[in-house]
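In: Kindly return the folded structure for what I paste below:
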Amino acid sequence: MVKEVKEIYEKVEEFIDTDKEIKLQGWIRNHRKQKEFGFIDFFDGTYFKSVQVVYDNKISNFDDIQKYHVGSSISVVGKVIKSPAKGQLFELSASEIVLEGDCPEDYPIQPKRHTREFLREQAYLRPRTNLFQAVFRVRSVAAFAVHDFFQKNGFVYVNTPLFTSSDCEGAGEMFQVTTQDLEEIAKKGKVDYSKEYFGKKVGLTVSAQFEGETFAQAFRKIYTFGPTFRADPSHTPLHIAEFWQIEPEVAFCDLNGIMDISEDLMKHVIKYTLENAKNEIEFLDSFVEKGLIDKLKTVSSNSFKRVTYKECIDILKKADVKWQFTPEYGEDLAKEHERYITEYFNSPVFITYWPQKVKKCFYMKQMDDGTVANADLELPGIGETYGMSQREDDLEKLEKRIEELGMNKEEYTWYLNLRKYGSTEHSGFGIGFERLVMYMTGMDNIRDVIPFPRTPGNCEY
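Out: Presented below is the predicted three-dimensional model:
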């Protein structure tokens, strides 16, 4: 007898005007009360659209129902009938409404438009709003699409550790992990790592790349998809301390091959989400980013442009633009440069073969001209979304690079041994999943596409 709103919408002809009573369980989003009847905007989380529940004074507990507040959970028994109201096919004529969980009048999520900043402060309640019902459904569907793409293409899913002793990025952004009393450490003025749980200095992973490479040298094509941590003090709308990252690693694959894979992945995720979160995307197109659907369809059906870093700087230097930051060879790109390049080509753009001194990651394949075999994908409106590279497979070059950067070679013994024991040409990339979700939803702050954002000074819930 208990049904879900999703089932009613998808099989409405089986329910409407059949004289069958069904039972729904969910929450009150809005409640309009009149003297002899009332209307409840009802949702149960299974479908983006809600159901209008209609009741009148013939129902036995009419006076009690009239007191039910927004946010309360209820059970409703009734019949699905054609709706006389414009814009909705059906409504539920209730014969019984039972209060399951009351909600006081100080419930923060009232039926009015709230700012995203306010809803961020109510992160434990914001999934009940239309906006975040849409955003987090899209996130869920897109996450499934990621797995769907890799599984259909023969990739092995690898679960890599969150605790690690290697800083993949070498940027000093690892969160350190300790089981010792920090106050005691402060009194002594030094850390005795031999007393740590793992017996040495350990942090939360900034990337699963290294562990992924080990499995790529056994399974050829692997991917990881899990939480990643960066102790980055940035307060921008694009940075958070804990995020999810998609990281495939592929043996016998060069830079062009990994760009092909990353482009195919993104197109698949967008197409799948457009097909399977249609109501949510339409809502976001109407209320968050006008033209969102057209943007996503364009990206998913056109080839991504590929230009070298040098070609990119040439274009920027010739542009008739008064730059805040003048583009220069050997320097990183500013957001204004990334925006211009995507608008110039009117498509996503892979910027390839950056100077080694700009992209300092020691593991990138070194080229004879001083560049590295890498690429950043720039998306219109959001800029850099993810990076990729061909990994250095020459043991001697890799060892030399580690020494140049002053890194502790002993900490990377096992990683270096991958080049010693049957090394292959191989490549990989990392996608910050939240940035991809931002692009697909039109949301302009990364804190609004992850359930509980972790940022400097904020670790609530």
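In: Please enumerate the strands of the stretch 1-150 of the chain.
Out: 21-33, 37-43, 51-56, 73-82, 90-101 (DSSP state E, counting those that start in this stretch).
In: Distance to T178, mean neighbour count and mean pLDDT for the ones you listed - can I get that in JSON lines?
Out: Placement of C-beta: from N, CA and C, glycine included. Shown next, in JSON lines, are the strands of the stretch 1-150 of the chain (distance: least, C-beta to C-beta, whole Å; neighbours: other C-beta atoms under 10 Å; pLDDT from 0 to 100):
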{"stretch": "strand 21-33", "distance to T178": "42", "mean neighbour count": "18", "mean pLDDT": "97"}
{"stretch": "strand 37-43", "distance to T178": "44", "mean neighbour count": "20", "mean pLDDT": "97"}
{"stretch": "strand 51-56", "distance to T178": "51", "mean neighbour count": "20", "mean pLDDT": "97"}
{"stretch": "strand 73-82", "distance to T178": "42", "mean neighbour count": "18", "mean pLDDT": "96"}
{"stretch": "strand 90-101", "distance to T178": "41", "mean neighbour count": "17", "mean pLDDT": "97"}
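In: Tabulate these in a markdown table, adding columns for distance to S207.
Out: Formatted as a markdown table, the strands of the stretch 1-150 of the chain follow (distance: least, C-beta to C-beta, whole Å):
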| stretch | distance to S207 |
| --- | --- |
| strand 21-33 | 40 |
| strand 37-43 | 39 |
| strand 51-56 | 45 |
| strand 73-82 | 42 |
| strand 90-101 | 43 |
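In: between those strands, which gets nearest to D181?
Out: Minimum separation from D181 across the strands of the stretch 1-150 of the chain (C-beta to C-beta) falls at strand 90-101, 41.8 Å.
In: and the closest one, what does it pack onto?
Out: strand 21-33, strand 51-56, strand 73-82 (3 or more C-beta pairs under 8 Å, 6 or more residues apart in numbering; DSSP states H and E).
In: Which residues belonging to stretch 117-126 are considered buried?
Out: Within stretch 117-126, the residues that count as buried by 16 or more other C-beta atoms under 10 Å are 119-120, 123, 126.
In: so which of these comes closest to K359?
Out: Nearest to K359 among the buried residues of stretch 117-126: R120, at 33.2 Å, using C-beta to C-beta.
In: Surely the closest one is in contact with R126?
Out: Yes: between R120 and R126 there is a contact under C-beta atoms under 8 Å: 7.4 Å.
In: List of residues touching stretch 76-94?
Out: 8, 12, 15-26, 40, 42, 51-55, 59, 95-98 (C-beta atoms under 8 Å, 6 or more residues apart in numbering).
In: tell me the contacts of the residue of the chain most remote from its centre?
Out: The outermost residue of the chain relative to its centre, with distances by C-alpha atoms, centre = their mean, is K58 at 48.3 Å. Counting by C-beta under 8 Å, 6+ apart, K58 touches no other residue.
In: Do you know the pLDDT at it?
Out: In the predicted model, K58 carries a pLDDT score of 94.
In: Now do the contacts for K357.
Out: With C-beta under 8 Å, 6+ apart, K357 has these contacts: 330, 370.
In: Relative to H239, how far out is E263?
Out: Look at E263 and H239: by C-beta to C-beta, to the nearest Å, they are 25 Å apart.
In: Of the helices and strands packed on strand 90-101, which is nearest K420?
Out: Among those, strand 21-33 sits nearest to K420 (C-beta to C-beta), with 59.3 Å.
In: Give me the contacts around the closest one.
Out: Counting by C-beta under 8 Å, 6+ apart, residues outside strand 21-33 touching it are 1-5, 8, 15, 38-45, 50-51, 53, 66, 68-80, 92, 95, 100, 103, 111, 128.
In: Alpha carbons of that strand, as PDB, please.
Out: Output of strand 21-33 as PDB, limited to C-alpha atoms (Å, rounded to 0.1, in the frame of the first residue of the first chain):
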ATOM      1  CA  GLU A  21      -6.200   4.200  -2.000                       C
ATOM      2  CA  ILE A  22      -2.500   4.500  -1.500                       C
ATOM      3  CA  LYS A  23      -0.300   5.600   1.400                       C
ATOM      4  CA  LEU A  24       2.500   8.200   1.100                       C
ATOM      5  CA  GLN A  25       5.100   9.100   3.800                       C
ATOM      6  CA  GLY A  26       7.100  12.300   3.700                       C
ATOM      7  CA  TRP A  27       7.300  15.900   4.800                       C
ATOM      8  CA  ILE A  28       5.300  19.100   4.500                       C
ATOM      9  CA  ARG A  29       6.900  21.700   2.400                       C
ATOM     10  CA  ASN A  30       4.100  24.200   2.500                       C
ATOM     11  CA  HIS A  31       0.600  24.200   4.100                       C
ATOM     12  CA  ARG A  32      -2.200  26.500   2.900                       C
ATOM     13  CA  LYS A  33      -5.200  26.400   5.300                       C
END
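In: how many neighbours does E282 have?
Out: Residues within reach of E282, counting by other C-beta atoms under 10 Å, total 15.
In: err, T308, not the other one
Out: 15.
In: now swap in R339 and tell me
Out: 16.
In: In the helix or strand in which it is found, which residues are buried?
Out: Assigned by DSSP states H and E, R339 belongs to helix 335-345. Residues of helix 335-345 classed as buried: 337-342, 345 (neighbour count, 16+ other C-beta under 10 Å).
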